[in-house]
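Enquirer: pasting a predicted model and its sequence here:
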Amino acid sequence: MQLPSILEAPLPAHAPTLGISAVIRRLEEADLPISRLEPAPPDDPELEWALDLTYADEDTELQLQVYKTHTDRELVSSHVELGSLPEDQAQALLACSSSLGLRTMLDPVHPLRAFHIQLRILALIAPEAAGLVDQSAFTAHPMGWLEEAASSPVPPHPHSLWTIHAVWEDEGTWLHTHGLHRCGVIELDMVDIPRDQAANMAQLLNTAATLMLDHGVPESDEPFEVGQDMPLVWLDVDTALDKLGRVRHGGPDERDPLHHPHRGVLAVKEKGLLWGHNHRSPTRYAEQMEGHPLLYVSDLETARRTALAIHRFDRMLALWRAHQESPALRFLVKLGIPTRAHGREHIWFDLHGLGERGLDLSCLNQPHDVPWLREGDRGWHDTELLSDWMILCPLGQIGPDAIARIEALVADPAVLRELETMFED
């Protein structure tokens, strides 16, 4: 089953009135490969007007509908809450009375590329918007996120295609996705997850979803590897609730039509003591997840990360120059080092300096197939080998996808001092 990807940009009251003519003009003046652009009869009484367009470049062809509608404040409110926006941005979205929307069926072979095009078009036609409401993923983003994603030549992280909702009750959690249906992929669930394991299990769920985007959905109850020695299976909801026993969090009493069909509950399939198989919760891998396991990343995502890391490396270096002495920030880079087997081994390094000879780095991992390099070695390395980078701070790991977040934080001296205090504690 595939559902449309629906994005809406709520417009502030002070924004200029955007009629169909103004939107057509913006699209005609844009440098986009649009081959068809024509008004369409609205198929919903809530729409003020609608516009059909065809986007076609050498890689992708999309049929999209642009429309203007009244902002559904109740719907926006639920999306804002789920998106965890700051209070001022949440209130700005809730104050809007009209929205520009963009609906399309994503290319199921390359959904992220199609989603990126959708973001670019929406940012183009609604630069005055107060933010972005992603109806398909049941979440909201600040306008800065939309601008950053739309202006980048590299698509956003695949995880932006869906969200994971966590339904808490007592000490248990039901994790489930929204947004995968627009990619032609089943939505995924994890049931009866202890609250203290929810973050690690969400990481496992995200990995499973990303691999399904790249390789397709395996057959039900057919094992697929999400990491080294970490096979999972998915079961339809009814089968899972039967095989996993009494389910308290994510069970039948919590299911409605939105959370039942075309969903897969993730489980671990193990041989029984005598015959057959038993199905257990993915928390079977809780200890491995605590130990930083090897989770698989697709070739497509590796290439996307590398492209984005290179594109935003200057911004990372600007932060390093300004804050290299701050104890709250640690700057790491990953290089693809040539191996004896004529491949590349991706290794993390601490960044110490930048000069004509490249990057002054110290190796953080013990390489497997690079005999001239050892953990702890320090030396100069070519920037052409860059494949990723990361900034560590008390709030977590910040990579190329989230650099705007750390830029905004450290721009405020008071916030930077607070981060340094957190580090000292």
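Expert: Noted; the coordinates are in hand.

Enquirer: and stretch 86-93, how far out from the chain middle?
Expert: With CA atoms, centre = their mean, to the nearest Å as the basis, stretch 86-93 stands 21 Å off its chain's centre.

Enquirer: can you tell me the SS state at the nearest residue to His165 once chain neighbours are set aside?
Expert: Using CB to CB, 6 or more residues apart in numbering and skipping the chain neighbours, the partner closest in space to His165 is His176 (5.6 Å). In this view, the C-beta of every residue, glycine as well, is placed from N, C-alpha and C. Secondary structure state of His176, per DSSP: H, G, I helix; E, B strand; the rest coil, is strand.

Enquirer: pretty sure His176 contacts His260?
Expert: No - between His176 and His260 there is no contact under CB atoms under 8 Å: 10.7 Å.

Enquirer: which other helices and strands contact the longest helix seen in the chain?
Expert: Across the chain, the longest stretch assigned as helix under DSSP state H is helix 198-215. The contact analysis (3 or more CB pairs under 8 Å, 6 or more residues apart in numbering; DSSP states H and E) places helix 198-215 against strand 163-169, strand 172-178, strand 187-194, strand 231-236, strand 263-271, helix 286-290, helix 299-311.

Enquirer: quick one, the last one and helix 198-215 angle?
Expert: I take that to be helix 299-311. If you take axes from the mean of the first three to the mean of the last three CA atoms, to 10 degrees, helix 299-311 sits at 110 degrees to helix 198-215.

Enquirer: pull out the buried positions in helix 299-311.
Expert: 300-301, 304-310 (16 or more other CB atoms under 10 Å).

Enquirer: how about the residue nearest to His165, what does it touch?
Expert: When contacts are counted by CB atoms under 8 Å, 6 or more residues apart in numbering, His176 touches 164-165, 167, 187-190, 250, 259, 263.

Enquirer: Arg36 too?
Expert: Arg36 touches 52-54, counting by CB under 8 Å, 6+ apart.

Enquirer: ignoring the adjacent residues along the chain, who's closest to Ala137?
Expert: Going by CB to CB, 6+ apart, Ala137 has Gly179 as its nearest residue, at 3.4 Å.

Enquirer: Ile6 bridge partners, please.
Expert: Listed by DSSP bridges, the beta-bridge partners for Ile6 are Arg103.

Enquirer: next, format the helices and strands packed on helix 198-215 as CSV and append distance to Pro400 and mean pLDDT.
Expert: Below are the helices and strands packed on helix 198-215 laid out as CSV (distance: least, CB to CB, whole Å; pLDDT from 0 to 100):
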stretch, distance to Pro400, mean pLDDT
strand 163-169, 20, 90
strand 172-178, 23, 94
strand 187-194, 25, 94
strand 231-236, 28, 95
strand 263-271, 28, 92
helix 286-290, 24, 88
helix 299-311, 4, 90
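
Enquirer: Thr69 and Gln366: what is the separation?
Expert: According to CB to CB, to the nearest Å, Thr69 stands 57 Å off from Gln366.

Enquirer: of these two, who's got more company?
Expert: Set side by side, Thr69 and Gln366 show more neighbours around Thr69, with 18 against 11, by other CB atoms under 10 Å.

Enquirer: which pLDDT value goes with the more buried one?
Expert: You'll see Thr69 listed with a pLDDT of 94.

Enquirer: could you do Gln397 as well?
Expert: Note on Gln397: pLDDT of 88.

Enquirer: helix or strand: which one has it?
Expert: strand 396-398 (DSSP states H and E).

Enquirer: buried stuff in the following helix or strand past that strand?
Expert: From strand 396-398 onward toward the C-terminus, using DSSP H and E, the following helix or strand is helix 403-410. Neighbour-count burial for helix 403-410, counted by 16+ other CB under 10 Å, picks out 403-406, 409-410.

Enquirer: need the nearest residue in space to the spatially most central residue of the chain, chain neighbours excluded.
Expert: Here the mean C-alpha position of the chain is nearest to the C-alpha of His159 (CA atoms, centre = their mean), at a distance of 2.2 Å. By the measure of CB to CB, 6+ apart, the closest residue to His159 outside its immediate chain neighbours is Asn206, 5.7 Å from it.

Enquirer: from memory that neighbour sits against Ile164, does it?
Expert: Yes - assessed by CB under 8 Å, Asn206 is found in contact with Ile164 at 7.0 Å.

Enquirer: so between the two, which is more surrounded?
Expert: Comparing Asn206 with Ile164 by other CB under 10 Å, the one with more neighbours is Ile164, at 22 against 19.

Enquirer: many thanks, have a good one.
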